[in-house]
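Student: sequence plus the predicted model coming up.
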Amino acid sequence: MEHNINFLIEFLGTIAFAMSGSFAAMQKRLDPFGVLIIAFVTSVGGGTVRDLLLDVPVFWMHDMWSCFVIFITCVISMIFKSIEHNFKVTLFIFDSFGLGLFTIIGIQKGLTAGLNPTICITLGTITGCFGGIIRDILLNKIPLIFRKEIYATACIIGGTIFFLMDKYSDFSLAFTQIFTILLIVVIRTLAVKYQWQFPKFYDNANKHLG
Amino acid sequence: MEHNINFLIEFLGTIAFAMSGSFAAMQKRLDPFGVLIIAFVTSVGGGTVRDLLLDVPVFWMHDMWSCFVIFITCVISMIFKSIEHNFKVTLFIFDSFGLGLFTIIGIQKGLTAGLNPTICITLGTITGCFGGIIRDILLNKIPLIFRKEIYATACIIGGTIFFLMDKYSDFSLAFTQIFTILLIVVIRTLAVKYQWQFPKFYDNANKHLG
Amino acid sequence: MEHNINFLIEFLGTIAFAMSGSFAAMQKRLDPFGVLIIAFVTSVGGGTVRDLLLDVPVFWMHDMWSCFVIFITCVISMIFKSIEHNFKVTLFIFDSFGLGLFTIIGIQKGLTAGLNPTICITLGTITGCFGGIIRDILLNKIPLIFRKEIYATACIIGGTIFFLMDKYSDFSLAFTQIFTILLIVVIRTLAVKYQWQFPKFYDNANKHLG
């Protein structure tokens, strides 16, 4: 049961990020193979960096299903594309779900390796964010994470709540997982909808010139 | 004999990509040390990512000859440069050969590690393409792989033919290697010459505006 | 004593690069969490790549102090920022010290792993330069290393002198370390102050048009 939930989370996260990568690549007008590569990198990028840092076997190297799921998702995205007009919303929804799902997987892999909670949250944030960062670098966009909206912040808040619930509450692990994944999605959605943002730093030098 | 062929392939691939990196860096008017760094990264980038993913020792860490070959190639490229007017063609030829050579090396390293054919082709594509992607990111260009021409596609086709010939034909491994390397070079050259390209995705939203 | 010096060098390097990352991110007007992420990546980036290449445990994964130091440094940078007008000079000073400190750490880790001197200097250059390269790629700037000033060259010269002093002189290791770190800082500072640069390559094709 426990194992099934983890598998399901990874499965959904893989689909969500493969879709996010496919739509971003189609928006940049790449050809089908380019779309497939961007979908692959977006989907496995975060987990690959995580596994390299943990020095465990990279998850997709010995496991056909990730590659297979990404391929199928990518083909469906391309077909679905022709009836889909609004890329922005679709891309956003899949990106948010992938973010939540992968953050929690990353934290749990860190816990399994016996790491400190702070390091685990860092690892979860890396798993959640790096696929999207690599996607944006390859497509020559400023990474989404550094544009206006709250992004990594959602991972850090979600990850912290996951630890507190796991340690101090009586909820089952499955409930804690689903709750914190949805929490990350909700924080990110509300942040974009109501344009929440932290105050930014201004360049004093420029202000004096102004 | 078998070992010698593999060594020769890696040797030629290292030279081809070191040249490709040197010319791209000189075109961007970097200084000699900058050129050397870009040549190094282009040449070892793909293989380094491959070895990290396979969790085997990174090939150039315990082996002086790669560094030495890259250094010599880089110096020769800089001298040769002064009598060379057409960067574009030179860069293209070396890039194509590097692509073919490194793809086949990547696939064989995957086979040695006992991986699934699909994963091996992915690994070959990564070995062939990543050096060039890192080069283009460092030089702040849109990666060559995502511009018009067929690039990763050539790796995937070449890799698939390699598997089919290796399994179902009576040709020697050496012949299969050389044939598929040349096939990748030919596909890429014809693709650029005759401007072959896959249909691209258009943004429906923009089309409606047009 | 030996161990303490090494620890102090790593401690100061972590602070220097965390400051360099924070100031670069504030200059680009990121929000506080974005600043923290850039500070983290700049500070641990070079060492992470080094540890992955050496296949040793990534230094910050089992060690809380790096994360803690980066967090404190980042908060201090943000507060200090409001009274600091000249980002450029501050960023430059911290970047230079980080470069010198991390280059020497990288070389020593390579020596511990029993690698060849040339590979050790390469590893030192990667440790020193990669944090800054990743920072600049994420902030969508042309990496500092490829802009006008002498940068990697300072690492290579400093690293070579380190080897020569370590092998052929009677100075203590601590003195050799401090001397070569300062040498790297001085070379880089003088290079920028007097605009030292290597001759660059010009595109003959363009020259003919001129």
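Tutor: Nice, I can see it.

Student: can we go C-alpha only for contacts and neighbour counts from here?
Tutor: Fine.

Student: what pLDDT does residue A:199 get?
Tutor: Note for residue A:199: predicted pLDDT of 68.

Student: and residue A:85, by the same measure?
Tutor: Note for residue A:85: predicted pLDDT of 60.

Student: kindly report the same for residue A:138.
Tutor: Note on residue A:138: pLDDT of 83.

Student: mean pLDDT per helix and strand in chain A: which one sits at the bottom?
Tutor: Taking mean pLDDT, DSSP states H and E as the measure, chain A has helix A:204-209 as its least confident helix or strand, at a mean of 42.

Student: near chain B, which residues of chain A show up?
Tutor: A:26-27, A:29-34, A:52, A:57-58, A:61-62, A:64, A:82, A:85-86, A:137-140 (C-alpha under 8 Å from any C-alpha of the partner chain).

Student: what subset of those is buried?
Tutor: The neighbour-count criterion (16 or more other C-alpha atoms under 10 Å in any protein chain shown) marks A:26-27, A:29-34, A:52, A:58, A:61, A:137-140 among these as buried.

Student: farthest pair within those residues?
Tutor: The largest separation in these, counting by C-alpha to C-alpha, is between A:29 and A:52 at 31.5 Å.

Student: who's in contact with residue A:22?
Tutor: A:35, A:36, A:38, A:39, A:74, A:77, A:78 (C-alpha atoms under 8 Å, 6 or more residues apart in numbering or on different chains).

Student: residue A:100 too?
Tutor: Under the criterion of C-alpha under 8 Å, 6+ apart, the contact list for residue A:100 reads A:128, A:155, A:158, A:180, A:181, A:182, A:183, A:184, A:185.

Student: try 10 Å this time
Tutor: Contact analysis of residue A:100 by C-alpha atoms under 10 Å, 6 or more residues apart in numbering or on different chains lists A:9, A:13, A:124-125, A:127-129, A:154-155, A:158-159, A:177-178, A:180-186, A:188.

Student: and if you look at residue A:45?
Tutor: Shown in contact with residue A:45 (C-alpha under 10 Å, 6+ apart): A:17, A:38-39, A:126-135.

Student: what's the first helix or strand after the helix or strand where residue A:93 lies?
Tutor: In the assignment (DSSP states H and E), residue A:93 maps to helix A:87-112. Using DSSP H and E, the helix or strand that directly follows helix A:87-112 along the chain is helix A:117-138.

Student: chain center to that next one, what's the gap?
Tutor: 7 Å (C-alpha atoms, centre = their mean, to the nearest Å).

Student: now, the residues of chain A next to chain B that are in helices?
Tutor: The helices, defined by DSSP state H, take in A:26, A:27, A:32, A:33, A:34, A:52, A:64, A:137, A:138 from the residues of chain A next to chain B.

Student: let's have these in a markdown table, adding distance to chain C.
Tutor: A markdown table is the format used below for those (distance: C-alpha to the nearest C-alpha, whole Å):
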| residue | distance to chain C |
| --- | --- |
| A:26 | 22 |
| A:27 | 20 |
| A:32 | 26 |
| A:33 | 25 |
| A:34 | 21 |
| A:52 | 7 |
| A:64 | 25 |
| A:137 | 8 |
| A:138 | 11 |
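
Student: spatially, which two of those residues are the most separated?
Tutor: A:27 and A:52 (30.5 Å).

Student: which residues are in contact with residue A:14?
Tutor: A:8, A:20, A:39-40, A:42-44, A:47, A:66-67, A:69-70, A:73, A:98, A:101-102.

Student: let me have the contacts of residue A:22 in JSON lines, extended by pLDDT.
Tutor: Formatted as JSON lines, the contacts of residue A:22 follow (pLDDT from 0 to 100):
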{"residue": "A:35", "pLDDT": "86"}
{"residue": "A:36", "pLDDT": "88"}
{"residue": "A:38", "pLDDT": "89"}
{"residue": "A:39", "pLDDT": "92"}
{"residue": "A:74", "pLDDT": "91"}
{"residue": "A:77", "pLDDT": "87"}
{"residue": "A:78", "pLDDT": "86"}
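
Student: can I get these in CSV including distance to residue A:112?
Tutor: CSV is the format used below for the contacts of residue A:22 (distance: C-alpha to C-alpha, whole Å):
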residue, distance to residue A:112
A:35, 34
A:36, 32
A:38, 30
A:39, 28
A:74, 31
A:77, 34
A:78, 37
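
Student: between these, which sits nearest chain B?
Tutor: residue A:78 (8.5 Å; C-alpha to the nearest C-alpha).

Student: could you report the pLDDT at the closest residue to that closest one other than its chain neighbours?
Tutor: Leaving aside its sequence neighbours, residue A:78 sits nearest to residue A:22 (C-alpha to C-alpha, 6 or more residues apart in numbering or on different chains; 7.6 Å). The model reports residue A:22 with a pLDDT of 89.

Student: now do residue A:160
Tutor: So residue A:160 comes in at 91 (pLDDT).

Student: could you look up the SS state of it?
Tutor: Secondary structure, DSSP: H, G, I helix; E, B strand; the rest coil: residue A:160 is helix.

Student: ok, it touching residue A:119?
Tutor: No - using C-alpha atoms under 10 Å, residue A:160 is not in contact with residue A:119, being 11.4 Å away.

Student: list residues touching both of those two?
Tutor: In contact with both residue A:160 and residue A:119: residue A:107, using C-alpha under 10 Å, 6+ apart.

Student: okay, now the unreliable bits of chain A?
Tutor: Low-confidence segments of chain A (pLDDT under 70): A:1-3, A:82-88, A:142-149, A:198-210.

Student: at the geometric centre of it, which residue sits there?
Tutor: Nearest to the mean C-alpha position of chain A, counting by C-alpha atoms, centre = their mean, stands residue A:99 at 2.7 Å.

Student: which residues does that residue contact?
Tutor: Listed by C-alpha under 10 Å, 6+ apart, the contact set of residue A:99 reads A:13, A:16-17, A:46, A:93, A:124-132, A:151-152, A:154-155, A:181, A:184-185, A:188.

Student: please repeat the previous calculation with a cut-off of 7 Å.
Tutor: Taking C-alpha atoms under 7 Å, 6 or more residues apart in numbering or on different chains, we find residue A:99 in contact with A:128, A:129.

Student: excluding chain neighbours, what is closest to residue A:180?
Tutor: Spatial nearest neighbour of residue A:180, excluding adjacent residues (C-alpha to C-alpha, 6+ apart): residue A:158 at 5.4 Å.

Student: and the one you found, how many residues sit next to it?
Tutor: Residue A:158 has 26 neighbours, counted by other C-alpha atoms under 10 Å in any protein chain shown.

Student: quick one, what contacts it?
Tutor: If a contact means C-alpha under 7 Å, 6+ apart, then residue A:158 has A:180, A:183, A:184 as its contacts.

Student: could you check how far it is from residue A:151?
Tutor: 11 Å (C-alpha to C-alpha, to the nearest Å).

Student: same question, residue A:63
Tutor: In terms of C-alpha to C-alpha, residue A:63 sits 30 Å off from residue A:151.

Student: and what of residue A:41?
Tutor: Per C-alpha to C-alpha, residue A:41 is found 19 Å from residue A:151.

Student: higher neighbour count, these two?
Tutor: Set residue A:41 next to residue A:151 and count neighbours by other C-alpha under 10 Å: residue A:151 wins out with 27 against 21.

Student: quick one: that one and residue A:188 touch, right?
Tutor: Yes - counting by C-alpha atoms under 7 Å, residue A:188 is a contact partner of residue A:151 at 6.4 Å.

Student: intersection of neighbour lists for those two?
Tutor: Residues touching both residue A:151 and residue A:188 (C-alpha under 7 Å, 6+ apart): there are none.

Student: residues contacting residue A:175?
Tutor: Neighbour list for residue A:175: empty [criterion: C-alpha under 7 Å, 6+ apart].

Student: mind telling me what element it is part of?
Tutor: Using DSSP H and E, residue A:175 sits within helix A:173-193.

Student: likewise for residue A:15?
Tutor: Secondary structure from DSSP H and E places residue A:15 in helix A:2-27.
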